[in-house]
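Enquirer: Attaching a predicted model along with its sequence, questions to come.
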Amino acid sequence: MTTKTLTISIVASTAIFTSSAFALSPVVPQENNDLDPIVVSADFREAKLSQTSNAVTVIGEEKLYDKSSEAFIETLSSTPNVNFSSGASKAKYIQIRGIGERSQFTTPVNPSVGMILDDIDMSQSTLGLTLFDVEQIEVLKGPQGTTFGANGMAGVVNIQSKQPTKETEGHIEATIGNYNKQALGLAVGGTLVKDKLLGRISVYKNDSDGFTENTHLNREDTNNIDELSTKAQLKWLVNDAHTIDLNLMHVDVDNGYDAFTFDNSRNSHADQPGKDTQETDAISIKSTYQVNPKMHMVTKLSHSKSDLEYSYDEDWSYQGEFAEDLYPYSSFDQYLRERKQSDVDVRLVSDKEGKLFNKIDWTVGAYYKDADESLTRNYTYLDAPYTSDYATKNKAIYGQLDSSLNDKLTLITGLRVEKWEAKFNDSDKVNIKTKETLKGGKVGLNYQQNGNTLIYTTLSKGYKPGGVNADNSLNENARQYKTEALWNVDAGVNSSHLDNKLTSRLNLFYGKRKDQQVKSSVVQVREDGSTQYTDYLANAAEGTYYGVESELNYYPNDDIHFYSNIGLLKSEFNDYTDPNPSAINMNGRTPAQSPEFQFNIGTDIYLNDNLTFKTNVERKGSYYFSNRHNAKSRSYKLFNASLEYTKENWTASLWAKNIADTTYQVRGFGSFGNNPAHGYETETYTQQGTPRTLGATISYDF
């Protein structure tokens with residue numbers, strides 16, 4: 001940690017603990033906290049945010065209203081200790097507390113962070129997620145072993161679209177901006193059959209030329225954005241005891257991919273720009289049935305099918321750009337994937353009359369998932385297309401008890417047992433089958449000091465299944481890797497003060513990773529001077545992390561709102577080994593994508609009944625791009641602002657992102673050479689983050 005970073009961390013820590021001490025000072029009991037409208041639904045039981053003991057950040061509708069055209073994954077990074085990586089048309093991978101994927105090429109990947117949209121698992125297909133017509137996003141940090149199992153070792157992002165209402169209502173929105181940005185959205189819903197059937201449908205189209213200029217092809221749209229998202233919802237009120245929710249989704253993303261250059265600029269020379277596309281059709285059905293006054297049954301079924309292409313010009317140049325004596329090469333790499341997944345989740349949840357001994361709320365359930373991913377890789381250096389198929393099945397049972405020890409103290413215990421099966425085969429005649437039993441869960445204590453203060457602590461265990469590395473050039477020890485386990489402790493305080501003018505969420509955490517899965521790669525130089533990457537996953541380490549997450553909201557009066565989201569993270573490899581003998585020794589080093597600090601601080605100023613000025617600054621510390629080399633991003637801060645005018649049902653907003661046009665990196669590669677003009681010497685190559693963007697959004701609610 002540098003002196004500058006250490007100073008910032010100390011200042012931030014002091015601010016956090018000072019604010020939390022203030023929030024813990026004596027408060028007037030307010031047992032019915034009607035000023036806390038935010039409800040968290042990701043657990044088995046809905047609860048107000050102030051009464052939720054999970055380490056969770058909620059991005060509500062009021063924060064999402066003017067963000068429809070922003071990148072979904074990048075928006076999440078404004079929450080404490082959440083980072084992202086790009087490497088394509090836009091960011092598709094997030095990391096929570098430094099844990100999460102950064103890319104995918106040939107090898108199948110089991111996600112560390114779950115992404116759930118309206119009960120549909122989108123963990124492997126995040127390119128299709130948008131912010132339009134979304135009501136709330138819940139970012140749960142730390143292992144979610146009881147509720148989500150294998151997909152939730154690092155955390156889960158639960159996304160809820162706006163639900164159908166009895167009253168007819170709708171929203172129309174249009175956005176224009178620089179880089180030829182154009183977006184248009186429409187959502188409408190209401191009663192279809194009186195007292196029986198409600199519905200809602202939304203359509204959103206988002207286009208932009210992107211931020212790359214291809215000077216060879218004389219084009220400004222080779223890294224473009226072209227997204228269409230459609231959602232439909234039906235709510236069938238079968239009777240007073242039974243409700244059925246149906247969600248349908250169609251996503252068609254046809255983005256370009258042309259992001260890396262020799263000089264790390266936005267001026268590309270590629271003669272074969274790639275693609276970053278996704279087409280998804282999905283459905284989910286949720287049945288909520290009141291079995292009797294003691295319990296209700298929740299049944300969830302979902303199915304999704306996604307076709308994806310990820311392709312790129314590997315040489316980043318055009319034929320004839322370099323003299324032959326520099327040994328230039330020309331190569332194109334294309335990955336075509338088809339993913340199918342079906343999920344079934346059935347649970348019984350107790351109600352007030354069904355408590356055991358009048359003190360214990362309970363939940364029991366069973367889960368089944370069947371997923372298949374097929375790959376076709378077309379690559380210049382392959383004699384024939386490479387194909388593979390990776391099929392997995394999950395069967396799980398789970399349960400949770402919420403035991404009231406007294407009027408203020410609650411003991412929470414949860415357990416999940418999951419049977420994991422996987423089959424892999426490819427065109428290299430590799431056939432591997434794995435089968436194992438996985439266990440996760442949690443034990444926690446909640447102390448409700450009064451209506452305004454909740455103190456909690458939780459010990460939880462999460463897991464991420466092992467898998468297969470899909471390259472025959474790897475040695476036998478590197479072909480498979482084992483399941484990773486994560487033990488995590490959270491301790492926190494949720495509190496409010498000054499009649500809810502000040503609210504605070506403070507969370508401290510510590511985690512221990514066992515058989516830590518680490519992505520690395522072998523670099524080989526071909527005869528023509530080009531570089532070949534073979535990426536793989538290995539149980540290369542044991543690791544620890546710890547840190548602080550703080551969220552404050554302060555309304556000193558009706559005209560102003562201050563807020564801060566601060567995350568501090570210290571993570572390191574305690575014991576690092578690698579099946580690749582040439583790998584760098586990472587003992588004691590920080591894992592990739594783990595910035596030591598990040599914060600989002602801002603204010604909303606209500607100038608009058610119609611006009612609101614919003615501004616914020618996002619700051620993020622430096623972090624390593626990979627565990628294979630020592631290339632790092634630069635620390636950066638981004639300034640954003642908007643001026644919003646509201647009149648009756650109309651809203652108009654002028655906005656600016658990254659006002660100072662700060663240069664920052666969202667993906668990086670190091671320790672390899674790709675430039676013939678430099679003799680293929682080892683260099684660091686980076687993809688640049690979003691530059692200054694300006695625009696206007698107008699919307700109408702009815």
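Expert: Structure's in. What do you need?
Enquirer: Strands of the stretch 301-450 of the chain, start to end?
Expert: 332-350, 360-379, 386-404, 409-426, 431-450 (DSSP state E, counting those that start in this stretch).
Enquirer: Determine which of these approaches residue 677 most closely.
Expert: When the strands of the stretch 301-450 of the chain are compared by Cβ to Cβ, strand 332-350 sits nearest residue 677, at 20.5 Å. Every C-beta, even on glycine, is put in place using the N, C-alpha and C of the backbone.
Enquirer: With only the CA atoms kept, save that closest one in CSV.
Expert: The C-alpha trace of strand 332-350 is given here as CSV (Å, rounded to 0.1, in the frame of the first residue of the first chain):
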residue,chain,number,x,y,z
PHE,A,332,-9.0,-13.7,-36.1
ASP,A,333,-10.5,-15.5,-33.1
GLN,A,334,-14.2,-16.3,-32.7
TYR,A,335,-16.2,-18.0,-29.9
LEU,A,336,-19.7,-19.0,-30.6
ARG,A,337,-21.7,-20.2,-27.5
GLU,A,338,-25.1,-21.6,-26.9
ARG,A,339,-26.3,-21.7,-23.4
LYS,A,340,-29.5,-23.4,-22.1
GLN,A,341,-30.6,-23.5,-18.5
SER,A,342,-33.7,-24.7,-16.6
ASP,A,343,-34.3,-24.1,-12.9
VAL,A,344,-36.9,-25.3,-10.4
ASP,A,345,-37.1,-24.0,-6.8
VAL,A,346,-39.9,-25.1,-4.4
ARG,A,347,-40.0,-23.9,-0.8
LEU,A,348,-42.4,-23.8,2.2
VAL,A,349,-42.2,-20.7,4.3
SER,A,350,-43.9,-20.4,7.7
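Enquirer: counting contacts, what elements does that strand pack onto?
Expert: strand 274-292, strand 295-313, strand 360-379 (3 or more Cβ pairs under 8 Å, 6 or more residues apart in numbering; DSSP states H and E).
Enquirer: now the first one, how far from the centre of its chain.
Expert: The reference is to strand 274-292. 17 Å (Cα atoms, centre = their mean, to the nearest Å).
Enquirer: Report the angle between it and strand 332-350.
Expert: Counting by axes from the mean of the first three to the mean of the last three Cα atoms, to 10 degrees, strand 274-292 points 10 degrees away from the direction of strand 332-350.
Enquirer: Strand 274-292 pairs with which strands, parallel or anti?
Expert: strand 242-257 (antiparallel), strand 295-313 (antiparallel) (DSSP bridges).
Enquirer: so what's residue 366 up against?
Expert: Residues counted as contacts of residue 366 (Cβ atoms under 8 Å, 6 or more residues apart in numbering) are 345, 346, 347, 395, 396, 397, 398.
Enquirer: any chance of the strands of the stretch 301-450 of the chain in CSV, with distance to residue 210 and mean pLDDT too?
Expert: Supplementary listing: the strands of the stretch 301-450 of the chain in CSV, determined by distance: least, Cβ to Cβ, whole Å; pLDDT from 0 to 100:
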stretch, distance to residue 210, mean pLDDT
strand 332-350, 19, 97
strand 360-379, 24, 97
strand 386-404, 29, 96
strand 409-426, 34, 96
strand 431-450, 39, 94
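Enquirer: Let me have those strands in CSV, extended by distance to residue 208.
Expert: Listed next are those as CSV, based on distance: least, Cβ to Cβ, whole Å:
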stretch, distance to residue 208
strand 332-350, 23
strand 360-379, 28
strand 386-404, 33
strand 409-426, 37
strand 431-450, 41
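Enquirer: next structured bit after the helix or strand hosting residue 115?
Expert: Assigning secondary structure by DSSP states H and E places residue 115 in strand 113-117. Following strand 113-117 in sequence order, the next helix or strand is strand 120-121 (DSSP H and E).
Enquirer: Now do the closest residue to residue 49 other than its chain neighbours against residue 50, distance only.
Expert: Nearest residue to residue 49, sequence neighbours excluded (Cβ to Cβ, 6 or more residues apart in numbering): residue 38, at 4.1 Å. From residue 38 over to residue 50 the distance is 8 Å, taken as Cβ to Cβ, to the nearest Å.
Enquirer: So for the two, which residue has more residues nearby?
Expert: Neighbour comparison, residue 38 and residue 50: the larger count goes to residue 50, with 21 against 16 (by other Cβ atoms under 10 Å).
Enquirer: if I read this right, the more buried one contacts residue 454, doesn't it?
Expert: Yes - between residue 50 and residue 454 there is a contact under Cβ atoms under 8 Å: 6.6 Å.
Enquirer: got any residues that touch both of those two?
Expert: Both residue 50 and residue 454 are in contact with residue 494, where contact means Cβ under 8 Å, 6+ apart.
Enquirer: which residues of the stretch 1-150 of the chain fall in helices?
Expert: Using DSSP state H, counting those that start in this stretch, the helices found in the stretch 1-150 of the chain span residues 3-23, 61-64, 72-76.
Enquirer: Give me the buried positions along the last one.
Expert: To tie it back to what came earlier, the one meant is helix 72-76. For helix 72-76, the neighbour count (16 or more other Cβ atoms under 10 Å) marks 72, 73, 74, 75, 76 as buried.
Enquirer: Enumerate every residue touching the third one.
Expert: When contacts are counted by Cβ under 8 Å, 6+ apart, residue 74 touches 84, 90, 91, 690.
Enquirer: Kindly present these as TSV, with separate columns for pLDDT and distance to residue 597.
Expert: Output for these, formatted as TSV (pLDDT from 0 to 100; distance: Cβ to Cβ, whole Å):
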residue	pLDDT	distance to residue 597
84	95	16
90	92	24
91	92	20
690	96	21
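Enquirer: quick one: strands adjacent to the one helix or strand residue 176 maps to?
Expert: Assessed by DSSP H and E, residue 176 sits inside strand 169-177. Sheet partners assigned to strand 169-177 using DSSP bridges are listed as strand 181-193 (antiparallel), strand 693-701 (antiparallel).
Enquirer: got the ones you listed as CSV, with mean pLDDT columns?
Expert: Listed next are the strands paired with strand 169-177 as CSV, based on pLDDT from 0 to 100:
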stretch, mean pLDDT
strand 181-193, 97
strand 693-701, 96
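Enquirer: In JSON lines: those strands, plus distance to residue 231.
Expert: What follows is those, written out as JSON lines (distance: least, Cβ to Cβ, whole Å):
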{"stretch": "strand 181-193", "distance to residue 231": "8"}
{"stretch": "strand 693-701", "distance to residue 231": "18"}
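Enquirer: Reformat these as a markdown table; add mean neighbour count and distance to residue 203.
Expert: Below are those laid out as a markdown table (neighbours: other Cβ atoms under 10 Å; distance: least, Cβ to Cβ, whole Å):
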| stretch | mean neighbour count | distance to residue 203 |
| --- | --- | --- |
| strand 181-193 | 17 | 5 |
| strand 693-701 | 17 | 15 |
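Enquirer: could you measure the residue nearest to residue 49 against residue 237, distance?
Expert: Separation of residue 38 from residue 237 (Cβ to Cβ) stands at 25 Å.
Enquirer: Now do stretch 535-548, average pLDDT.
Expert: Computed over stretch 535-548, the mean pLDDT rounds to 91.
Enquirer: in that stretch, what's buried?
Expert: 535, 536, 537, 538, 539, 540, 541, 543, 545, 546, 547, 548.
Enquirer: which of those residues sit farthest apart?
Expert: The farthest-apart pair in the buried residues of stretch 535-548, when distances are taken by Cβ to Cβ, is 536 and 548, at 33.8 Å.
Enquirer: Any idea what residue 208 is bridged to?
Expert: Applying DSSP bridges to residue 208, the residues it is bridged with are residue 225.
Enquirer: For it, give me its contacts.
Expert: 177, 179, 180, 181, 182, 224, 225.
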